[in-house]
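>>> Mind folding the following:
(one chain, ligands or ions: 1)
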Amino acid sequence: MTTEALKQQPAPQQAAAAKSGTDLIRIHGGKRLNGTIEISGAKNAALPLMCAALLTDEAVRFTNMPNTLRDIRTLTAVLESLGAIITMGPDGEMVIHAQEIKSDHADYELVRQMRASILVLGPLLARMGAAEVSLPGGCAIGTRPIDLHLMGLEAMGAKIELHDGYVRATAPDGLCGAEITFPKVSVGATENLMMAATLAKGTTVLHNAAMEREISDLGACLIAMGADITGLGTPVITIKGVPALHSALHKVIADRIETGTYMIAVALTGGTLRLKNTQTEFLKALIGPLKDAGVSFDEDGGDIIVHRNGKPLVGTDIMTAPYPGFPTDLQAQFMTMLTQCEGAGMISETIFENRFMHVPELCRMGANITVQGNAAIVRGVKKLKGAEVMATDLRASVALVLAGLVAEGTTTVDRIYHLDRGYENLVEKLQACGAEIERIREK
Ligand code: UD1
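Residues are numbered from 1 along each chain as shown. Modelled structure (predicted):
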């Protein structure tokens, strides 16, 4: 099957997630947030970094890994199924040793739980000359095809076949460097091809590459492993293939989406949060609109202090876009904030076509939101009201938790297994800053 035909693949299913637990989060809204939150290592950096460890038979050691996240556990199981030996220590330590790849087959049962599993395709193919990976699952926020990943691997000489829900890629004589122009910016495709190209014969140039901070972090780790990469953080990344990569020690960057989520939380509730182990530099697209809305920021010895006094928030417009634009992964949280603004704000979602699934749930809490195509107009309301709501994807789930923090009365968020994929100790971190929030474990 051609890569063109792969665009027609069905939307990912959530069946796996549905089995993984039915805990709830209950919030009594109305408390200000005051205190300190340690930001975890970035999930979206950690996942490709783990896959990069497949590129060498030597051990790669990571620190600041968000080891407790469900997505990290899922990928651990995927890598172990391929033959990697993984050990996790305290404080986010993780060592991945893929001395021997025992299988080039990443199974549906694991891959369907998380879309990022497709990132094993490039490294496996580069190292083994063959890889078979189930078509991925993940958040149900659109069709999310993988045609760009496959188009790039084909350009590097791989033969791609699709059968029974699996992608089989083969390059028995190894991959060859190529000039690849992405018709659309893709974080995952940039990562997959960058990893594959490290061991290819010759030079690969990726045009219209993603510039996300997580890509630069992956590139930094690959360079520490012996790769030859230039142009990180720009739309043109050049990778000169090398015969082999080796061990490295790498610290995972801070999670900018988690950081932004807590910034929006304190914007909503009022109060002052000190965010530790993180940076403002990669969140300019959020900090600008937050300042416009009335939130203030200070930096103190590497910490970010986010503050909002009693003044009402003011509505402001945003449009999601690839980095350095406004991150789609903060769109749902920002929408919750707009429900509490004076006036109205418009959100245009340009990355994923089905990423307004939190809207009906927010409306059940009293929000006034009108969706038309890829745009949503959010008119501020005086108060949200606590309700029983259902999480639909990772970022939508946290947007509902944020809504619960300011709603009158009690909010119960169901299906929080989505949250466990991407937020470490969310309940504990918010509790420590004064939120009345608890996790209710189903027996
Ligand atoms: C990554 C992030 C995710 C974030 C997204 C956009 C990880 C693990 N996940 O996802 O949290 O929301 O970036 O910032 O890092 N597309 C295609 N064909 C492809 C690949 C992508 O058409 O082969 C489209 C997608 O459907 C989407 C757009 O390109 O509309 C961007 O997707 P992409 O950047 O690839 O997202 P992910 O890497 O899956």
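
>>> Might you report the residue contacts of Ile25?
Neighbouring residues of Ile25 by Cβ atoms under 8 Å, 6 or more residues apart in numbering: Val401, Gly404, Thr412, Val413, Ile416, Leu419, Val427, Ile437, Glu438, Arg439, Ile440. Where C-beta positions appear, they are placed from N, C-alpha and C, glycine not excepted.

>>> Leaving out chain neighbours, which residue sits closest to Ile27?
Gly404 (3.5 Å; Cβ to Cβ, 6 or more residues apart in numbering).

>>> Give me the secondary structure label for the one you found.
The three-state assignment at Gly404 reads helix, by DSSP: H, G, I helix; E, B strand; the rest coil.

>>> cool, Ala45 as well?
Under three-state DSSP, Ala45 comes out as helix.

>>> count of neighbours near it?
29 (other Cβ atoms under 10 Å).

>>> Point me to the residue of this structure nearest the ligand.
Residue nearest to the ligand within the chain (Cβ to the nearest ligand atom): Gly188, separated by 2.8 Å.

>>> Next, the contact list for that residue, please.
Gly188 neighbours (Cβ under 8 Å, 6+ apart): Arg115, Ala116, Ile118, Leu119, Ile146, His149.

>>> Please check those residues and keep the buried ones.
Neighbour counting by 16 or more other Cβ atoms under 10 Å classes Arg115, Ala116, Ile118, Leu119, Ile146, His149 among the contacts of Gly188 as buried.

>>> can you put the contacts of Ile25 in JSON lines and add distance to the ligand?
Formatted as JSON lines, these follow (distance: Cβ to the nearest ligand atom, whole Å):
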{"residue": "Val401", "distance to the ligand": "18"}
{"residue": "Gly404", "distance to the ligand": "23"}
{"residue": "Thr412", "distance to the ligand": "26"}
{"residue": "Val413", "distance to the ligand": "20"}
{"residue": "Ile416", "distance to the ligand": "18"}
{"residue": "Leu419", "distance to the ligand": "14"}
{"residue": "Val427", "distance to the ligand": "22"}
{"residue": "Ile437", "distance to the ligand": "24"}
{"residue": "Glu438", "distance to the ligand": "27"}
{"residue": "Arg439", "distance to the ligand": "23"}
{"residue": "Ile440", "distance to the ligand": "27"}
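
>>> out of those residues, which are inside strands?
Thr412, Val413, Ile437, Glu438, Arg439, Ile440 (DSSP state E).

>>> and which of the residues you listed is nearest to Asn34?
Minimum distance to Asn34 across the ones in strands among the contacts of Ile25 is 14.5 Å, recorded for Ile437 (Cβ to Cβ).

>>> Nearest spatial neighbour of that closest one, chain-adjacent residues omitted?
Ile27 (4.6 Å).

>>> Flag every residue of the stretch 101-250 of the chain that's near the ligand.
Taking Cβ under 6 Å from any ligand atom as the contact definition, the stretch 101-250 of the chain meets the ligand at 115-116, 142, 144-149, 184, 186-189, 214.

>>> same thing but 5 Å
Residues of the stretch 101-250 of the chain lying near the ligand by Cβ under 5 Å from any ligand atom: Ala116, Arg144, Pro145, Ile146, Asp147, Leu148, Ser186, Val187, Gly188.

>>> State the pair within these that is farthest apart.
Maximum pairwise distance among those (Cβ to Cβ): 16.6 Å, between Ala116 and Asp147.

>>> Any regions of the chain where pLDDT drops low?
Filtered on pLDDT under 70, the chain yields the residue ranges 1-21, 137-144, 443.

>>> List the buried residues of the strand or helix carrying Leu273.
Applying DSSP states H and E as the criterion places Leu273 in strand 271-276. Under the neighbour-count criterion of 16+ other Cβ under 10 Å, strand 271-276 has Gly271, Thr272, Leu273, Arg274, Leu275 buried.

>>> Sheet-wise, list the partners of the host helix or strand of Met319 with their directions.
Counting by DSSP H and E, the element that carries Met319 is strand 318-319. Strand pairing for strand 318-319, using DSSP bridges, gives strand 344-348 (parallel).

>>> So which residues of the stretch 1-150 of the chain form strands?
For the stretch 1-150 of the chain, the strands defined by DSSP state E, counting those that start in this stretch cover 24-28, 33-38, 59-63, 85-89, 93-97, 105-106, 130-134.

>>> right, I mislabeled it, should have said the stretch 201-350 of the chain
203-207, 228-230, 236-240, 248-251, 271-276, 296-300, 303-308, 313-314, 318-319, 341-342, 344-348.

>>> Of those, which is nearest Ala332?
For those, proximity to Ala332 was assessed by Cβ to Cβ; strand 344-348 is nearest, at 9.2 Å.

>>> Buried residues in the following helix or strand past the closest one, which are they?
Tracing the chain past strand 344-348, the next element assigned as helix or strand by DSSP H and E is helix 359-364. The neighbour-count criterion (16+ other Cβ under 10 Å) identifies Val359, Glu361, Leu362, Arg364 as the buried residues of helix 359-364.

>>> Now the first one. Nearest residue, chain neighbours left out?
Leaving aside its chain neighbours, Val359 sits nearest to Ile369 (5.1 Å; criterion: Cβ to Cβ, 6+ apart).

>>> So what's the residue count around the one you found?
20.

>>> Could you verify that it is part of a strand?
Yes: with three-state DSSP as the criterion, Ile369 is assigned to a strand.

>>> neighbours around Lys311, how many?
10.

>>> wait, Thr320
With other Cβ under 10 Å as criterion, Thr320 counts 21.

>>> Beta-bridge partners for it, please?
Counting by DSSP bridges, the residues bridging with Thr320 are Phe326.

>>> gap between it and Pro327?
Distance of Thr320 to Pro327, computed by Cβ to Cβ, to the nearest Å: 7 Å.

>>> per-domain residue ranges of the protein.
For the chain, automatic domain parsing gives the domain ranges 3-40+254-441, 43-251.

>>> how about the nearest residue to Ile305, chain neighbours excluded?
Asp298 (4.3 Å).

>>> Please name the residues that touch that neighbour.
Contacts of Asp298 by Cβ under 8 Å, 6+ apart are Ile304, Ile305, His307.

>>> closest to Met225 among those residues?
For the contacts of Asp298, the nearest to Met225 is Ile304 (30.8 Å; Cβ to Cβ).

>>> coming back round to it: let's see which of the buried ones among the contacts of Gly188 end up in helices.
His149 (DSSP state H).

>>> ok so, going back, quick check, the residue nearest to Val359 in contact with Thr336.
No: using Cβ atoms under 8 Å, Ile369 is not in contact with Thr336; the gap is 10.2 Å.
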